[in-house]
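Asker: 3D, please:
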Amino acid sequence: MAEKMGEGEPILGIVLMCSGWSRRFGRNKLMEELGGKPMSAYIFQTLSSLLFSQAGSGAHSEAVGSGLSPSRERGGVSFDIPLVVTRFPELRRLAERFCFRVIMHNDPEQSDTIRHALSSGPASRWDGAMFLAGDQPMLSERSLLRLASSFSLFPDKVSRLSFNGEAGNPVIFPKKYFPELKNLTGDHGGGVILKNGLIRPEEILLVQAEREFELWDVDTEDGIRRIEQVLRLRYG
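Answerer: Purely as a prediction, here's the structure:
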C-alpha cells in the first residue's frame, strides 16, 4: 500500500476548469440555464456542500460557505478552497458567490488553464489536485468523497472517477505529476499524460461513481435535454 505524503492528511486542491469556449454548444454553456439555474452552479453547489457548513442562499439558490473553513475530516484529506480558473466575468461572479478563489485569464488553450492553476500560490501546498469541469452538473458529493478517499489511501497514484470500468472525470493527480501537467501545450488536458504511457496503467485507480449519469458532460443541446430528463425523474 502506498504511504501518505508527510504528516497528517494530504492537502487536496480542487481546480474547476471553466475557461472553455463551448464551440460545439455555440455559446457559454456553463451559464446555460438548467433546471432554473446556471449549469455550472450545480457543481459549485455540490462542492460547497462538501466543503463548507451551510448558511443561507444566494441569487441562484446556491449554498454559501460560512466562515470559509473547509472540512478537514471528509474523505481522509484536507480540502483546500476550490480554485475556479476562467475567462468569463459571469463565471467569476458566480464563483465569488460561493466564496471560491478565482483566477482570471485570457489565454486560449486548455493547457493554459491547467498551468495557471498549478502556478498559483495555493497550489504550492497541495499534495494533489482534483480537476473538475463545470459541465458535469450531476456529480454527487458521495462520489467526490469516494474519489478523495482513494487519494487519501494512495496519494502517489492517480484516482479517476469511473462507472463500470469506463474512466471519466474528475481526476486527481498527485503532486509528482504537476511538472508534466504544467508543461502541457495546446488544447490538451491531463488526459494526454494518462494516455501517452507516461503513467503506467497500474498507477491509475478507477473509482466507481454512484450513478452513470454523474459522468455525463454537456457539449450540445441534446446533452442539456438528457440532463433535464434526469432532473425531472429525480426531482419531479
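Asker: what does stretch 173-182 contact?
Answerer: Outside stretch 173-182, the residues that touch it by C-beta atoms under 8 Å, 6 or more residues apart in numbering are 5, 114-115, 118-119, 123, 126-129, 131, 151, 155-158, 190, 193, 198-199. For glycine as for every other residue, the C-beta is placed from the backbone atoms N, C-alpha and C.
Asker: got it, and stretch 99-109?
Answerer: Outside stretch 99-109, the residues that touch it by C-beta under 8 Å, 6+ apart are 16, 19, 44, 47-48, 52, 64-65, 68, 81-87, 89, 92, 95-96, 112-113, 116-117, 120, 122, 185-188.
Asker: Quote the end-to-end distance of stretch 84-91.
Answerer: End-to-end distance for stretch 84-91: 8 Å, by C-alpha to C-alpha, to the nearest Å.
Asker: Report the buried residues of that stretch.
Answerer: The neighbour-count check on stretch 84-91 (16 or more other C-beta atoms under 10 Å) flags V84, V85, T86, R87, F88, L91 as buried.
Asker: What ranges in the protein fall below the confidence cut-off?
Answerer: Applying pLDDT under 70 to the chain picks out residues 1-7, 23, 26, 53-74, 235-236.
Asker: which helix in it runs the most residues?
Answerer: Looking across the chain with DSSP state H, the single longest helix is helix 221-235.
Asker: Please give the element, helix or strand, for M138.
Answerer: Secondary structure assignment for M138, by DSSP states H and E: no helix or strand.
Asker: Spit out the contact partners of it.
Answerer: Y42, R211, F213, E214, W216, I227, V230.
Asker: just W21 next, same as before
Answerer: No contacts exist for W21 under C-beta under 8 Å, 6+ apart.
Asker: Return the set of buried residues in stretch 31-41.
Answerer: Under 16+ other C-beta under 10 Å, the buried positions of stretch 31-41 are M31, E32, L34, K37, P38, M39, S40, A41.
Asker: thinking again about what came up before, out of the contacts of M138, which are buried?
Answerer: By 16+ other C-beta under 10 Å, these give Y42, F213, E214, W216, I227, V230 as buried.
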